[in-house]
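1. After the sequence you'll find the predicted model.
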Amino acid sequence: MQVSIMQVASEKKVYILDLIKLYNDAPSALDECLSCILHSPSTLKLCYNFQCDVHQLAHSYGELNCFKHFEMLLDVQNVFKEPRGGLSGLAEKILGTSLNKTRRNSNWEQRPLSVYQLEYAALDAAVLVHIFRHVRRQFERPSGAQDGHAKIEWKSYILSHMDSSKGQLNRRSARR
């Protein structure tokens, strides 16, 4: 099955990219655009279960260079190591509300996407921003005021690049 969409969220907006359409119509423009985002060392990219996603993206769009190198990528799953419930379970744990995953297994290759699919995709990306913002606020508080949460050294989980020869991710601590 081909990966059909990619979500890009910021603090204020979520963009849902139709990878199938963009790849068929303008593969070089898609590659260039995603390279600008994914290769940027100054923009933190949040994801969940990146190992699975990058494998599927490379399988679907192996000719594109944008998926072969990454800078400043934080896989939230590696930070929290939530054993059950995936992203929805993590959202429940951190934000107090879970995600409705009923649209996850719908037909993502059928166009146009339904309103429910678009809402699901947007929320799936936006929740990572909310989780990160919540956790970052916890550590901007004075020492000892972390509401019982163990201190998370999230900066040590930032991925600096992908070793394309071995298909393994390498980590580098971000220094700010």
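-> Great, that's in hand.

2. ok, L113 - contacts?
-> Contacts for L113 (CB atoms under 8 Å, 6 or more residues apart in numbering) come out as 5, 16, 121. Where you see a C-beta, it was placed from the backbone N, CA and C, and this is true even at glycine.

3. Looking at those, state which has the most neighbours.
-> When neighbours are counted by other CB atoms under 10 Å, A121 leads the contacts of L113 with 22 neighbours.

4. element containing that residue?
-> Using DSSP states H and E, A121 sits in helix 115-140.

5. what do you get for S106?
-> Element membership of S106, judged by DSSP H and E, is empty: it is in no helix or strand.

6. Distance of the closest residue to it other than its chain neighbours relative to R104?
-> Of all residues not flanking S106 in the chain, Q117 sits nearest, at 5.8 Å (CB to CB, 6 or more residues apart in numbering). Counting by CB to CB, to the nearest Å, the gap from Q117 to R104 is 10 Å.

7. Which one's more surrounded, the two?
-> The neighbour comparison of Q117 against R104 (other CB under 10 Å) goes to Q117, with 19 against 14.

8. Wait, that one touches W108, no?
-> Yes - using CB atoms under 8 Å, Q117 makes contact with W108 at a distance of 6.9 Å.

9. What separation do you get for the most centrally placed residue in the chain and A121?
-> Nearest residue to the geometric centre of the chain (CA atoms, centre = their mean): C47, 2.0 Å. Distance, C47 to A121, by CB to CB: 14 Å.

10. Could you do R137 as well?
-> Using CB to CB, one obtains 26 Å as the distance from R137 to A121.

11. So for S4, what's the pLDDT?
-> If you check S4, the pLDDT there is 95.

12. Tell me the spatial nearest neighbour of it, not counting adjacent residues.
-> Once flanking residues are discounted, S4 sits nearest to W108: 4.3 Å by CB to CB, 6+ apart.

13. For the one you found, give me the pLDDT.
-> Note for W108: predicted pLDDT of 92.
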